[in-house]
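K.L.:
The sequence and its predicted three-dimensional model are supplied below.
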2 protein chains.
Amino acid sequence: MFQADSRFMQAAMVEAQKAYLIGEVPIGAVVVHNGAIVGRGHNLREHLNDGTAHAEILAIEEACQALHSWRLIDCSLYVTIEPCLMCAGAIINSRIDNVCFGSRDPKAGATKSLYAVLEDSRLNHQVNVVEGLLGNEASQIMKDFFKAARKKRKNRAGNS
Amino acid sequence: MFQADSRFMQAAMVEAQKAYLIGEVPIGAVVVHNGAIVGRGHNLREHLNDGTAHAEILAIEEACQALHSWRLIDCSLYVTIEPCLMCAGAIINSRIDNVCFGSRDPKAGATKSLYAVLEDSRLNHQVNVVEGLLGNEASQIMKDFFKAARKKRKNRAGNS
């Protein structure tokens, strides 16, 4: 049974804060192997001009390099917001065993909200999913980000 | 209405052949914008040690850099085999308008076989999907690849 560890979700929150500080949608992720973080990532879609540069993808890519394998055996991924289809698919393709996410994404979440692809027995790999760890914090930083973005847009419209 | 162009699927097949020649599962993809190829990719999972290094992801990343944007507006993606969940999600996240794939993947295909995520009206982007262009060729190179891989395994077992 997968026991999620809040220290690793805290590390994912630190990644989310890095994204927040540079104006990216604040989502962070870490990949854990044998009790140690082997991959970290935060959303860099705007900075890298790359629609695939989500936190989970970057954390997975770093973990693959650290472990010299595309199979992330015995690994767990912690992410502040429920993974989208792309990231859930990457988790399956990388053979990650466990996923812990903070807060649901009702518009694009693919592990509980719109789909439950990580638990689909038709696919060649299934993943244990735990949700809610530091969910309030994960959700709050998203709300703060979008509130600030709306305010900025409003001010810009007012000045033009 | 999206009119798929076999020249671009032919270019995706060339990518698949590149993968075949280096021992990777032979899948290839190209991204097309204004009648020109702006991104190419073939599966490099083993060579890059990266579970996210599918043909479509690499082609999308190259197209994003070529167009200096994560939004691949007015772009079409051609891929030899039906996209998996990860790649279908990346297509949605990149706002690609049209996808043409050659042959279905009954075990992992996420655009027709197991899921139809590109046409899901709950998501914030929908994609036109065309299938079957050069489907026999796309399917044949996969069969050849797995047949050769089985033979190699059998020979190895016989020699040990």
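P.N.:
Looks like it arrived, so ask away. Residues are numbered from 1 along each chain as shown, chains lettered A, B, ... in the order given.
K.L.:
Contact residues of chain A facing chain B?
P.N.:
Counting by CB under 8 Å from any CB of the partner chain, the residues of chain A close to chain B are A:45-46, A:48-54, A:57, A:60-61, A:64-65, A:68-72, A:84-90, A:92-95, A:107-108, A:110, A:114-115, A:117, A:120, A:122-124. To be clear about C-beta, it is placed using only N, CA and C from the backbone, and glycine gets the same treatment.
K.L.:
tell me the SS of the nearest residue to residue A:100 once chain neighbours are set aside?
P.N.:
Of all residues not flanking residue A:100 in the chain, residue A:4 sits nearest, at 4.1 Å (CB to CB, 6 or more residues apart in numbering or on different chains). Using DSSP: H, G, I helix; E, B strand; the rest coil, the secondary structure recorded for residue A:4 is coil.
K.L.:
list the contacts for residue A:4?
P.N.:
Contacts for residue A:4 were tallied using CB atoms under 8 Å, 6 or more residues apart in numbering or on different chains; they are A:76, A:78, A:98, A:100, A:130, A:133.
K.L.:
confidence score at the fourth one?
P.N.:
Read it as residue A:100. Among the per-residue scores, residue A:100 shows a pLDDT of 98.
K.L.:
Report the secondary structure state of it.
P.N.:
With three-state DSSP as the basis, the three-state label of residue A:100 is strand.
K.L.:
likewise the second one?
P.N.:
Assigned by three-state DSSP, the conformation of residue A:78 is strand.
K.L.:
how far out from the middle of the chain is stretch A:151-160?
P.N.:
Its chain's C-alpha centre and that of stretch A:151-160 lie 30 Å apart, by CA atoms, centre = their mean, to the nearest Å.
K.L.:
Ignore what I typed, I meant stretch A:39-59.
P.N.:
On the basis of CA atoms, centre = their mean, stretch A:39-59 is displaced by 9 Å from the centre of the chain it belongs to.
K.L.:
Could you give the backbone dihedrals for the residue nearest to residue A:100?
P.N.:
Torsion angles at residue A:4 (phi, psi; degrees, to the nearest 10) stand at phi -70, psi 140.
K.L.:
Residue A:32 reaches residue A:78, doesn't it?
P.N.:
Yes. Under the criterion of CB atoms under 8 Å, residue A:32 is in contact with residue A:78, at a separation of 6.7 Å.
K.L.:
so what sits against both of those two?
P.N.:
Common neighbours of residue A:32 and residue A:78, counting by CB under 8 Å, 6+ apart, are residue A:8.
K.L.:
neighbour count winner among these two?
P.N.:
When neighbours are counted by other CB atoms under 10 Å in any protein chain shown, residue A:32 and residue A:78 differ, and residue A:78 comes out ahead with 31 against 26.
K.L.:
who's that one bridged to?
P.N.:
With DSSP bridges as the criterion, the beta-bridge partners of residue A:78 are residue A:30, residue A:100.
K.L.:
List the contacts of it.
P.N.:
Contacts were defined as CB under 8 Å, 6+ apart; by that measure residue A:78 touches A:4, A:8-9, A:11-12, A:29-30, A:32, A:99-101, A:133.
K.L.:
Could you measure from it over to residue A:134?
P.N.:
9 Å (CB to CB, to the nearest Å).
K.L.:
Overlap in contacts, those two.
P.N.:
Counting by CB under 8 Å, 6+ apart, the shared contacts of residue A:78 and residue A:134 are residue A:9.
K.L.:
quick one: which of the contacts of residue A:4 has the most company?
P.N.:
Most crowded among the contacts of residue A:4, counting by other CB under 10 Å, is residue A:78 at 31 neighbours.
K.L.:
rewinding a little: for the contacts of residue A:4, give me CSV that also has distance to residue A:36.
P.N.:
Conversion of these to CSV gives the following (distance: CB to CB, whole Å):
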residue, distance to residue A:36
A:76, 11
A:78, 13
A:98, 15
A:100, 16
A:130, 19
A:133, 18
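K.L.:
quick check, nearest of those to residue B:139?
P.N.:
Sorting these by distance to residue B:139 puts residue A:98 at the head of the list, at 35.0 Å, by CB to CB.
K.L.:
I appreciate the help and will end here.
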